[in-house]
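**Q** Pasting a predicted model and its sequence here:
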Amino acid sequence: MKTLTTPRPPTAASAPAVTRRRRRRPARTAAVWILVGPYTLFLVVFGLAPAGYALWTSFVEDGSFTGSRDWAAVLHDYRLGDAAAHVTTYLLLWLPILLLTVLSLAFTLHARPGRATSVLQLVYYLPGAVTGSAAALLWLFMVSPDSSPFSPLLDLLGIESATDALSGGSVIAVLTVMGVAVHAGGWIVVLHGALNALPKDVLEAAQVDGASAWRTMWHVKLPMVRTYVAFVLISSFASGSQVFVEPTVLSTGAPGQISPTWSVNQLAYVYATQDGDFGKAAALSLAMLAVGVLAAWIVITRTRMYATDSSDSR
């Protein structure tokens, strides 16, 4: 027969502890809002509000409801298929190479610590110090035989001008090399910092158990930094799917080789600036936002980015 017990009221000794815990809650709540508040404000003002206005613009014109007219016009635009194919091909080529480069170099630096590690981090990061239009101009000079330091190699390949270097499908190859050079260095530094923060006892336990460097990297280090890898993948996908500056600048050095609507983002820009059709520009921008959110959700769920161990939730 079970005996029913009633909880005992807090004693005089435990009452101060309960009171202290209750007093800490408002302080913790205030600290959380101090940290999260500025980000929430910027998210609303520069993220949610523009997205809401774009949604309104894509359905309303001059105060009258237009329905899905702008969305249908964008989906039936013959230029959208080519632009989407260009961006998809670029992502399929650039993302794996970028991720493989970042992971291999970051893990190599962590496996062989020494004085040269800091120097190598700086060397890897330097190409990323030049970004955006400046990076595109730099690489435009790189593929121009008249100004490139690699002009002997370009001569061997039969490239006589930037137009030759950017003709046909070579645009995606140039953008891939440029993207890896610009973005890899910063992510290597971030991932190497995450690896340095791993618990020493866990890595030492793997060595004691006889795990090789490869097995330690694959089964111990990589799962413990999966959050950072997922963040690299999400941020890189967002950046690559919205490629705009690089093909725009490169097109100035190779007239007629790169279309003004080469990427999806460039097509949205043409809608807004040349056609003056903000409804179609807003619809296409929201479509790109939806693709980015979907890709982020897939990465987060597949990598268990926000998953915590049961021991952490106690």
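**A** All right, it came through fine.

**Q** which sections of the stretch 151-300 of the chain are below the confidence cut-off?
**A** Scanning the stretch 151-300 of the chain for pLDDT under 70 picks out 160-162, 164-165, 168.

**Q** Can you show me the strands along it?
**A** For the stretch 151-300 of the chain, applying DSSP state E, counting those that start in this stretch gives no strands.

**Q** Quick one: the helices in it, in order.
**A** Residue ranges of the helices in the stretch 151-300 of the chain, as given by DSSP state H, counting those that start in this stretch, are 151-156, 162-165, 170-196, 200-208, 213-216, 222-224, 226-241, 245-253, 264-273, 278-303.

**Q** So what touches the shortest one?
**A** Helix 222-224 is contacted by residues Leu103, Leu198, Val202, Val229 when judged by CB atoms under 8 Å, 6 or more residues apart in numbering. Every residue, glycine included, has its C-beta placed from N, CA and C.

**Q** Show me which residues of that helix are buried.
**A** Across helix 222-224, burial judged by 16 or more other CB atoms under 10 Å covers Met224.

**Q** please renumber so the chain begins at 26
**A** Shifting the count to begin at 26 puts that one at helix 247-249.

**Q** Mind checking which residue lies nearest the centre of this protein?
**A** Ser260 (1.0 Å; CA atoms, centre = their mean).

**Q** The contacts of helix 247-249: which two are farthest apart?
**A** Based on CB to CB, the longest span within the contacts of helix 247-249 runs between Leu128 and Val227 and measures 19.0 Å.

**Q** neighbour count winner among the two?
**A** Set Leu128 next to Val227 and count neighbours by other CB atoms under 10 Å: Leu128 wins out with 19 against 12.

**Q** Correct me if wrong: that one contacts Leu216.
**A** Yes. The pair formed by Leu128 and Leu216 meets the contact definition of CB atoms under 8 Å, at 7.2 Å.

**Q** Name the residues contacting each of those two.
**A** By CB under 8 Å, 6+ apart, Leu128 and Leu216 have these common neighbours: Val254.

**Q** on that earlier part again, quick one: the helices of the stretch 176-325 of the chain as JSON lines, columns for distance to Thr113 too.
**A** Shown next, in JSON lines, are the helices of the stretch 176-325 of the chain (distance: least, CB to CB, whole Å):
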{"stretch": "helix 176-181", "distance to Thr113": "28"}
{"stretch": "helix 187-190", "distance to Thr113": "23"}
{"stretch": "helix 195-221", "distance to Thr113": "10"}
{"stretch": "helix 225-233", "distance to Thr113": "39"}
{"stretch": "helix 238-241", "distance to Thr113": "32"}
{"stretch": "helix 247-249", "distance to Thr113": "27"}
{"stretch": "helix 251-266", "distance to Thr113": "9"}
{"stretch": "helix 270-278", "distance to Thr113": "14"}
{"stretch": "helix 289-298", "distance to Thr113": "10"}
{"stretch": "helix 303-328", "distance to Thr113": "10"}
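
**Q** Do a quick rundown of the strands in the stretch 26-175 of the chain.
**A** Under DSSP E, counting those that start in this stretch, the stretch 26-175 of the chain gives strands at 85-86, 89-90.

**Q** Ok, which of those comes nearest Thr326?
**A** Across these, Thr326 has its closest neighbour in strand 85-86 (34.3 Å, CB to CB).

**Q** So what are the sheet partners of that closest one and their directions?
**A** Sheet partners assigned to strand 85-86 using DSSP bridges are listed as strand 89-90 (antiparallel).

**Q** Averaged pLDDT, the strand it pairs with. What do you get?
**A** What strand 89-90 shows for mean pLDDT is 88.

**Q** Pull the distance from that strand to the chain's centre.
**A** Relative to the mean C-alpha coordinate of its chain, strand 89-90 is positioned 36 Å out (CA atoms, centre = their mean, to the nearest Å).
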